[in-house]
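Here is the input, now give the coordinates:
(chains A and B)
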Amino acid sequence: MKLRTNRRQVLGGLAASVAAPGILTATRAYAQNPTIKVGFVTPSTGPLAGFAEPDDYVIEGLQAALAGVENNGKTYAIEIIKKDSQSNPNRAAEVAAQLILDDEVDFITAAGTPDTTNPVADQAEINEIPCVTSDAPWQPYFFGRNGNPAEGFQYTYHFFWGLEDVIANFTNIWNDSGVPKKVGGLFPNDSDGNAWGHPELGLPTPLAAQGFELTDPGRYQPLNDDFSNYIAAFKEAGCEILTGVMIPPDFGTFWSQAAQQGFQPKIATVGKALLFPSVVESLGPRGVGLTTEVWWSASHPFSSSLTGQSAGDLANGYTTATGRPWTQPIGFKHALSEVIADVVRRSEDIEDAEANVAAIRATNLSTIVGDVNWSNGPVPNVSKTPLVGGQWQDNGNGLELVITNNKHAPQIPTGGETFLLG
Amino acid sequence: MIEWVNSIVQGILLGGLYALFAAGLSLIFGVMRLVNIAHGDLIILAAYMGLTTIVMLGVHPFVALLIVIPLMAGFGYVLQRGLLNQTLGDDILPPLLVTFGLSVIIQNALLEIYTADPQKLNGGLIETASIPVGGLAIGILPLVTFAIAIVVIAGLQWVFYATAIGRGFRAVSDNQDIAQLMGLNKAHVYGLAMALALGVVAIAGILLGMRTSFDPSIGAGRLIFGFEAVIIGGLGNLWGTLAGGVILGVAQTIGAKIDPGWQLLAGHIAFLVVLALRPNGLFPRVEH
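Numbering: from 1, shown residues only, chains lettered A, B, ... in the order given. Next up is the predicted model:
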């Protein structure tokens, strides 16, 4: 037989071969072992690496539960593809784009401060990929991305707490202590510092409304080597309460200098710097008694919808596996996968991004960090989890973050009383 | 009034730390015209070496210096002879790029070994103790830091101008080829200079680790203060480096007194003013 070709056949053949990859990808769902790919952007290295420390433990612990998730009578395996943002927002956007365009993920997730969540969510919104993020207060997430509360975002969803919860917890701790209401504020010139110190949206207005007198000398540059002017101002104003949102090295510098120069507040409640046990331990005996916000702990009365583990099981499992004390991001990392698995289960058409987004929007799930439900958030696309106040206390064989104030979220039990410093 | 005096005193003491950051840079640049971008990360490396020593032997950070200084000095010698000497030549760019790469490598190696946890060297009581002087509280640790800075600079000055090694340093600095002809082994002299510089880096690292908590990523931020102190004081002049550190420290605390946001800005402005008026620094040793 003679092979005859003409222009039309050649063009047709070309078109078919060009189109083939597209058709083949589209038929992936009919393969033997269908997989749902979930991208996960996390700051494994760099200054934010503390947030990403439990990633491997959490992902490993979920492998069995994620291997078979049912959707419309078919069983899917959920595969998590982890990429390092290197704590850099530009890099976070880059790896998010890679996940979407090269790995062709069905969902994308991210966690660990607005520097990770925002660029990833922005990429997801542009590329119309359903996205769920956590571990960043909702104001910098929503307003930092120029969100409009009337419209919200189409593809990107977030669960965490907000500044109003931090303020409520901090003032609860201070009010209950009976210490004179004179507060010294340390706010750096970064996105968190400017948000917390903002005259209307930050701490100043609600503090004034509750009768607290705030001394705020101004914004310092992060990685400061000298806080003597702050200390002088706080001493002059007679501050008995210290607050702020600082990175750990800055708090370390400040805290030693304050001791040198005789500034001894009765209460020090500082955001961000005191989240991780390693940081507080590095302060030695002067770390005992510091207070901070608690998003998640081993004693939170919640359990996983995927594995059935309680918060305590998950936290203690981490300590057993790594020999390190539990940290707060563990719960939220776990909850991200819980939400995704729940969405996969409920989605009307797992191949369709719109159906998946609709399933995210309809989420009403009790996770290991509390209820996630996007229908009753402060703004669209945001679901709030409970926040309480805690203190680093010495339990005999090390420091432990004990929940000491639950007025803002009474469903979470306290484990002790706040004591004063000094 | 007393607050201003306080700002200036704290600034002077802070200047001691900056001078220690800068002394090693000044020395290396003075001897071999090498701009060491990895200097800040080497300071952090020294702080981690101090941490390891303290944890393993249970000693005070000052005692750890006895181990960290020789270790860092040895590392400096090997680094110089094994790597940096290969890059030195007429072109200033290759050593710059190599030290930049070194900075990235050190940072990530520390991250691998020690994780991102902030660490602190526990100096015990000295960290929080202070002496009251006429209404001011002068912290013992900053005071000790400043005293150490003076001793280190004086020591370097002595090495440079009163010893055979120092004569070697000055000779290769003035003209490498002729120094070589006179029987000095350039590679060895450079190695010794780097060893000396990293010995100073070890001291700076331990003192920084006692003053603040550190993690693998904060070294680069410290580099700029070192550079500024060197430039303000004048290249190659060690006492000038101390003066540069003090000027930078005082400019920062006075700036912060006016508004905390101006702390770093005031330091940078002081640096730019000096650079504009005296491009060779306030006390240049050699006129080019």
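
and residue 257, what element?
This is for chain A. Using DSSP states H and E, residue A:257 sits in helix A:248-260.

Not quite, go with chain B.
For residue B:257, the host element (DSSP H and E) is helix B:238-258.

Contacts only, for residue 164.
You didn't say which chain, so I picked chain A. A:206, A:378 (Cβ atoms under 8 Å, 6 or more residues apart in numbering or on different chains). The C-beta positions use only the backbone N, C-alpha and C, and glycine is treated the same way.

and residue A:337, what is it in contact with?
Taking Cβ under 8 Å, 6+ apart, one finds A:38, A:58-59, A:62, A:66, A:78, A:80, A:109, A:306 in contact with residue A:337.

scratch that, residue A:297 is what I was asking about
A:311, A:315, A:326, A:328, A:390, A:401, A:403.

which one of those residues has the most neighbours?
residue A:390 (29 neighbours; other Cβ atoms under 10 Å in any protein chain shown).

okay but that residue is in contact with residue A:292, surely?
Yes: between residue A:390 and residue A:292 there is a contact under Cβ atoms under 8 Å: 6.3 Å.

Next SSE downstream of the helix holding residue B:257?
helix B:263-277.

Is that following helix in proximity to chain A?
Yes: for helix B:263-277, a contact with chain A is found by Cβ under 8 Å from any Cβ of the partner chain, at B:263-264.

what's that helix packed up against?
In terms of contacts (3 or more Cβ pairs under 8 Å, 6 or more residues apart in numbering or on different chains; DSSP states H and E), helix B:263-277 is packed against helix B:219-233, helix B:238-258.

got these as a markdown table, with mean neighbour count and distance to residue A:202 columns?
Converted to a markdown table, the helices and strands packed on helix B:263-277 look like this (neighbours: other Cβ atoms under 10 Å in any protein chain shown; distance: least, Cβ to Cβ, whole Å):
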| stretch | mean neighbour count | distance to residue A:202 |
| --- | --- | --- |
| helix B:219-233 | 24 | 26 |
| helix B:238-258 | 25 | 21 |
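
Least confident of those helices, on average?
Among those, helix B:219-233 has the lowest mean pLDDT, at a mean of 89.

just checking, what packs against that one?
Using 3+ Cβ pairs under 8 Å, 6+ apart: helix B:219-233 touches helix B:2-32, helix B:39-57, helix B:93-114, helix B:238-258, helix B:263-277.

Report the buried residues of the second one.
Taking 16 or more other Cβ atoms under 10 Å in any protein chain shown as the basis for neighbour counts, the residues of helix B:39-57 that come out buried are B:39-51, B:53-54.

Name the SS class of the nearest residue to residue A:393 once chain neighbours are set aside, please.
The shortest distance from residue A:393 to any non-neighbouring residue, by Cβ to Cβ, 6 or more residues apart in numbering or on different chains, is to residue A:402 (4.7 Å). Secondary structure, DSSP: H, G, I helix; E, B strand; the rest coil: residue A:402 is strand.

my guess is residue A:402 meets residue A:388, correct?
No: assessed by Cβ under 8 Å, residue A:402 is found out of contact with residue A:388, at 10.6 Å.

who's more crowded, those two?
residue A:388 (28 against 19).

For the more buried one, give me its contacts.
When contacts are counted by Cβ under 8 Å, 6+ apart, residue A:388 touches A:169, A:293-294, A:403, A:405-406, A:408-409, A:412, A:414.

so which of those residues would you say is closest to chain B?
residue A:293 (18.3 Å; Cβ to the nearest Cβ).

what's across from that closest one in the sheet?
residue A:389 (DSSP bridges).

pLDDT score assigned to it?
Looking at residue A:293, the pLDDT reads 93.

Now for it: which residues touch it?
Residues near residue A:293 by Cβ under 8 Å, 6+ apart: A:161, A:165-166, A:169-170, A:271, A:387-390.
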